[in-house]
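[1] could you work out the structure for the sequence below:
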Amino acid sequence: MSAPAYRHDHDTVIPLDQAPALAELAGRVRRHERITLTEQGKPVVAIIAADELEELQAAQDVADVARAEAIKAQGGPRVPHALVLEMMRADEATYEAMEAALAARQGEDIPHDEQWTMWRAVRANRSA
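    Below is the predicted model:
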């Protein structure tokens, strides 16, 4: 048996098996209600208005730019854009492992092909 739905300010928590139809939920979200669907008392889905999503994405973009600027200020090897994209698609631990490998060689001008070799090694070590 799932927990009953409850409401706090503009947030509503609803067990997934008790959730009304999507159209009803969308209408409630348009009226600035945030809805969290749960399974066994644990949040599994959040429904928010598109404008709130845009605000969250903008905040994440600002954080990403700040992180990139901090990394750029540290100096170190110039990492190819394609490799940066690969790193961003990786899980956090793999990303951090590559970031640490590059940081260990801070100030060096590492050829791009060597950086790709480092990336393959980091991924192989993480999957082993």
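
[2] contacts for the longest helix seen in the chain?
    For the chain, the helix reaching the highest residue count under DSSP state H is reported as helix 50-73. Contacts with helix 50-73, where a contact means CB atoms under 8 Å, 6 or more residues apart in numbering, come from R34, I48, E99. Every C-beta, even on glycine, is put in place using the N, C-alpha and C of the backbone.

[3] list just the nearest of the residues you listed to W116.
    W116 lies nearest to E99 out of these, by CB to CB, at 15.3 Å.

[4] can you give me the neighbour number for the closest one?
    14 (other CB atoms under 10 Å).

[5] distance of it from L83?
    Going from E99 to L83 by CB to CB, to the nearest Å gives 12 Å.

[6] quick one, helices of this protein?
    22-30, 50-73, 81-89, 92-103, 112-127.

[7] check the offset of the second one from the chain's centre.
    On the basis of CA atoms, centre = their mean, to the nearest Å, helix 50-73 is displaced by 11 Å from the centre of the chain it belongs to.

[8] correct me, but D109 touches P77?
    Yes - counting by CB atoms under 8 Å, D109 touches P77, with 6.5 Å between them.
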